[in-house]
Structure formats: structure tokens, C-alpha cells
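Trainee: Give me the fold of what follows.
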Amino acid sequence: MSEMKRNELMMEVLTELAPEIEAARSVSVDSLQAKPQPVHQVLSLVLADYLPLPREALFLGLAADKLPVLLNLLDPVPGPVLIAGDQGSGKTSFLQIIARGVDQIHDARDVQYGVISEHPEEWSGLGGAPNCVDVFSAAKNDAQDFLNSLANWAHSNKGDHQSVLVLIDDLAAISKMDFDARQNLRWLLLRGPARRVWPIVTLNPNKATEVHPWLDFFHTRLFGKMENSTGAELLTGSTNSQFDSLVAGSDFLMREGDDWLKFWIPAID
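Mentor: Numbering: from 1, shown residues only. The predicted model follows:
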């Protein structure tokens, strides 16, 4: 796989980490078909093995070589992140792992996040976290107000060290928002990462045609289990059947040049 591509999307872990994580990074077809690594460790135990991470590192999961998959919040090149997968593939859990990781690793002065979901009750355990701005219902005005105020903040943010994650559980939920909120979200998808605002958005491939005009905003795409070959091909540009072999709720894939990186997410504490 291209080391330059890896450098564009992910950060290297500190060189002081244990020697056993210095494995080769290549992901072969055989490894993609191998028996999935069982997920039995909770997030806090996984993170304990790799702390301290750089303050700009956003934890996403663990690759097969036991290296953490990280996003550099100071590098806008990857752009907004799309997490695609079938219902039950673990998309919401993935967002919650990201949020919990922020709570455990980052000071609220460095990283905060807000959640927009059609099912805010699924996020009841995160509402009081210091790093959490709030959990907003996609169908209510406060979600739109959040996007509007965040766009205003980002417009004037040219040097603030703080980063804000916008965790949107279901891209199709934007259809419920008014014109101004959709326009502000569009701007955040285009310019947000350069202003320290990172949209991380989920999508069921069955709804991909509904939001097709929005897909071009997402150059970084992470894929969970997808049995719908048509939706998978639309989102990935690939007819490879490997997406169907992923373990729902655990395994995800990310394209790295012409190769694929397989990684898994821990369990929520």
C-alpha cells in the first residue's frame, strides 16, 4: 500500500510503542478473508495500551497489525468522513466509539463533539459528557440551530486550536432540515476540516441514491458489512464481494490507494 497515502489519511503512533505493533502494514486478499479478530476488549482497555496519543489524534479503531487507526485533526486533507454499512453493521456504535474515545483521550478545550440523530435516545449515556456539546434530534430545530451556529463559528475560526466533531447518524436525515441548515452543512462539508470542524456521517447504502448529490463531498469513506451489491458499488466503485464477509458490529474497511485496510472497533465500555 502507498505509504504516502497512509501519511495523508492517518498518523503514525509514537515510536516508543511496544515492538510487537511494528508489524508490516500490507493487507492481502488472504488477510481480508481470514477469520475476523474477535472483539472482546472494551474501548478503555484498548486505549490504555496506546496512551498517550498525540493530542491531535482521533482514535477510529485497530488494524490487523495492532496499530491504531487514527485521523489527524490538524490535517484537513482527508476531508469529512462517511461511514457506510447495512442496518446492524455497527455504524452508530462506530460513532459512539469515536465520541467515547474523545471523552477518554481529549480535554474539552481541545476537542468537542455534537451529535445529530433521528434516534437521540440511543445516545442517552453521552449527553452529560464534558466533551459533548449536546445530542440533537434531526427532526427538531435545535439540530438546525447547532449547524448554523457551528458554521458561523467555523467562518471566523482561523487559528483556534480547538476541533469540533459533527457526528451525524444518517446522512438521509438532512432531508428533514430547512434550506439554511442544509446550506450550512454543505459549507461545513466543503470547508469544515480546514477550520477544525469535522463532519463524520453514517449512511445505509440502501439510501445512497436518495443522497447521491451529497456523496461527492466525502473522499474518505469507511465501510462496514454491506450485502446490497448495488449500493456497495455506488459507494465504493468496486464490485468486490469482501464487504459482505465483514463481521457486523466489528469489522470495517478503508481504501488505501489500490489496497484495502481492514480494521475493527472495540466494544463500548
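
Trainee: in the stretch 101-250 of the chain, which spans are helices?
Mentor: In the stretch 101-250 of the chain, the helices defined using DSSP state H, counting those that start in this stretch lie at 141-156, 179-191, 229-236.

Trainee: weakest of those by average pLDDT?
Mentor: Among these, helix 229-236 has the lowest mean pLDDT, at a mean of 74.

Trainee: in stretch 183-201, what counts as buried?
Mentor: 184-185, 187-189, 192-193, 195-201 (16 or more other Cβ atoms under 10 Å). C-beta: built from backbone N, CA, C; applies to glycine.

Trainee: and the end-to-end length of it?
Mentor: 16 Å (Cα to Cα, to the nearest Å).

Trainee: contact partners of it?
Mentor: 58, 71, 73, 76, 78-83, 95, 98, 147-148, 150-151, 153-155, 157-158, 160-168, 170-171, 174, 177, 214, 217-218 (Cβ atoms under 8 Å, 6 or more residues apart in numbering).

Trainee: before we move on, what about stretch 214-226?
Mentor: Here stretch 214-226 has contacts from 9, 60, 78-86, 88-91, 94, 171, 174, 186, 189-190, 201, 205, 208, 232, 234-236, 243-244, 246-248, 251-255, using Cβ under 8 Å, 6+ apart.

Trainee: cool, stretch 237-250 as well?
Mentor: 32-33, 36, 39, 85-86, 88-90, 93, 223-227, 229, 232-233, 236, 252-253, 260, 262, 264-265.

Trainee: I'd say I168 and A181 touch.
Mentor: No: taking contacts as Cβ atoms under 8 Å, I168 lies outside contact range of A181: 11.4 Å.

Trainee: what's the straight distance from one end of stretch 169-181 to the other?
Mentor: By Cα to Cα, one end of stretch 169-181 lies 16 Å from the other end.

Trainee: For that stretch, buried residues please.
Mentor: D169, D170, L171, A172, A173, I174, K176, M177, A181.

Trainee: Now render those as CSV, adding distance to L47.
Mentor: Formatted as CSV, those follow (distance: Cβ to Cβ, whole Å):
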residue, distance to L47
D169, 22
D170, 27
L171, 28
A172, 32
A173, 29
I174, 32
K176, 35
M177, 34
A181, 34
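
Trainee: hmm, back to that, filter the contacts of stretch 237-250 down to just the buried residues.
Mentor: Among these, those classed as buried by 16+ other Cβ under 10 Å are 32, 39, 85-86, 89-90, 93, 223-226, 232-233, 236, 252-253, 260, 262, 264-265.
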